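> missing the sequence, but the structure's below:
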C-alpha cells in the first residue's frame, strides 16, 4: 500500500511513518526544505520536499497513493501569532485535502486534538461534546476540523483522530516537564488535583493506524491513554522514576499567571522561549479528560501502557540520549 505522511519530521508523524514502513507499506514522507529528518533515520521511506501551506509544492504528491496521514502541525508555544497557527492548520489542511480529493485517495486520516473541546468539567468528554477551544492552537485545530467535515460531506473518505498529550520515546515537547521535576522546579497550580490524559506514543500510533484502517469516513475518534490522572499523580510518578524529591510547591493560579506573563515579556526581549507561559499555566490549572470508548467499540483500540510504565520508558530513553 502506498501511504503519504505529512508532518513526518515531527514526533507523531514520524512515529506513524516508521510504524507504517515496518508493516511493509510504501511510505512517502513530506518534509519542508531544510527540515531535520533524523527521526526517520534508517527507516525505508521516500522523502519528498514540500510545504502544506504552499499548494504548488503538493501537486501530484498523492497520485497513486491509497492512504494519506495528515499529521503536519505545530503544538502551542508562547509568542506564536494566531495567524501562524491558522495558516499551518487551517490553510494547510485545506490544501492537503483538496489535493487528496483531486487524486482520489481511498482513505485519509487527519490528526487533530481533543484540545478543540477546551477544558472539561464533569465526566470524560466523548466525541459528541461541542467544540470549545480556549487558545490559538486549539482554535486553529477546531477550524481545521470544520474544513475536514466539509470535505467529508463532499465525499472524501476522511477520518479525524484526536490523540491527547502524547509522550514517550522520541518526544522533546514534554522534556521540559521531566527536567523541571528533576531539578525541583516543578510546582502545582492550585492543589494539583486537575486532570490531564497522558498517552504513551505506542498507544497513540496504534490508535491512529486503527483509525486510518478501520475508521468510518466523517467520524471522530479519541485516542488517549488508559485513564486520566491528576497533575499531582503525574508529578509524583515522574519524581519517583527519576529518584528525586516529589514536587511540593503549590501556587495560586493568579500568582503563576503573573509570573508567566513576566517570563513571556522577558522572552520577547531576549528572543528566548520562556520556561513557563500563560498557556502552560492554563494547561496545569484546568482539567482535560476524554473517553476512548468509541475508538474501542468501533476500531478495537485499547491503550495498554499505564503511566508508571510509560514514564519509566520515557526517562530511560531521555537518559540514553543524554537529555536528562
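That came through, no problem. As the structure is a prediction and not an experimental result, all values here were calculated from the model.

> Going by C-alpha atoms from here, please, whenever you check contacts or count neighbours.
OK.

> Which residues are in contact with residue 181?
Contact partners of residue 181, counting by Cα atoms under 8 Å, 6 or more residues apart in numbering, are 235, 238-239, 244, 246-247.

> Buried residues in the host helix or strand of it, which are they?
Take DSSP states H and E as the rule and residue 181 turns out to sit in helix 175-182. Using 16 or more other Cα atoms under 10 Å as the test for burial, helix 175-182 gives 175, 177-182.

> Make TSV from those residues and add distance to residue 191 and pLDDT to it.
Formatted as TSV, the buried residues of helix 175-182 follow (distance: Cα to Cα, whole Å; pLDDT from 0 to 100):
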residue	distance to residue 191	pLDDT
175	23	92
177	17	92
178	19	95
179	21	93
180	18	92
181	16	95
182	20	95
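
> Now, the contacts of residue 181 that are in strands?
If you go by DSSP state E, the contacts of residue 181 have nothing in strands.

> Please check these and keep the buried ones.
Looks like these have 235, 238-239, 246-247 buried, using 16+ other Cα under 10 Å.

> Which pair of those spans the longest distance?
For these, the maximum inter-member distance is 9.6 Å, found between 238 and 247 (Cα to Cα).

> And the nearest residue to residue 7 once chain neighbours are set aside, how far from residue 93?
Leaving aside its sequence neighbours, residue 7 sits nearest to residue 72 (Cα to Cα, 6 or more residues apart in numbering; 3.6 Å). Taking Cα to Cα, to the nearest Å as the measure, residue 72 and residue 93 are separated by 9 Å.

> and residue 84, how many neighbours does it have?
14 (other Cα atoms under 10 Å).

> again with residue 74
Residue 74 - counted by other Cα under 10 Å - has 13 other residues nearby.

> Likewise for residue 307?
Counted with other Cα under 10 Å, residue 307 comes out at 22.

> just residue 224 next, same as before
29.

> how much space between it and residue 202?
Applying Cα to Cα, the value for residue 224 to residue 202 is 11 Å.

> My read is that residue 193 contacts residue 228, right?
No: counting by Cα atoms under 8 Å, residue 193 does not reach residue 228; the two are 11.3 Å apart.

> more crowded one of those two?
Neighbours were counted for residue 193 and for residue 228 using other Cα under 10 Å; residue 228 has more, 21 against 17.

> Apart from its chain neighbours, what residue comes closest to the more buried one?
residue 197 (4.3 Å).

> residues contacting that neighbour?
164-165, 224-225, 227-229, 288-290.

> ranges for the helices of the stretch 1-150 of the chain?
For the stretch 1-150 of the chain, the helices defined by DSSP state H, counting those that start in this stretch occupy 11-22, 82-85, 92-103, 136-153.

> out of those helices, which comes closest to residue 255?
Of all those, helix 136-153 comes closest under Cα to Cα, at 22.6 Å.

> buried stuff in that closest one?
136-145, 147-149, 151-152.

> returning to that earlier point: ok, so what distance separates the residue nearest to residue 228 from residue 164?
The gap separating residue 197 from residue 164 is 7 Å, by Cα to Cα.

> Common neighbours of those two, please.
224-225.

> how about the strands in the protein?
Going by DSSP E, the chain shows strands at 2-6, 26-31, 45-49, 67-70, 107-111, 158-163, 166-167, 188-189, 195-196, 199-200, 220-223, 229-230, 250-251.

> okay, how far is it across stretch 264-278, tip to tip?
8 Å.

> make that stretch 2-10, sorry
Across stretch 2-10, first to last residue, Cα to Cα, it's 20 Å.

> Nearest spatial neighbour of residue 205, chain-adjacent residues omitted?
residue 16 (5.7 Å).

> Next one: the one you found relative to residue 111, how far apart?
Taking Cα to Cα, one finds residue 16 at 11 Å from residue 111.

> and residue 125, what does it touch?
289-291.

> what separates it from residue 110, distance-wise?
20 Å.

> same thing with residue 138?
15 Å.

> swap in residue 53?
For residue 53, the distance to residue 110 - Cα to Cα - is 16 Å.

> Of the two, which one has the most company?
Taking neighbours as other Cα under 10 Å, residue 53 and residue 110 compare with residue 110 leading, 26 against 18.

> Does that one touch residue 159 like I think?
Yes: using Cα under 8 Å, residue 110 is in contact with residue 159, at 6.1 Å.

> show me the contacts for the nearest residue to residue 170 once chain neighbours are set aside.
For residue 170, ignoring the flanking residues on the chain, the nearest one in space by Cα to Cα, 6+ apart is residue 11 at 6.3 Å. Neighbour list for residue 11: 39, 170-171 [criterion: Cα under 8 Å, 6+ apart].
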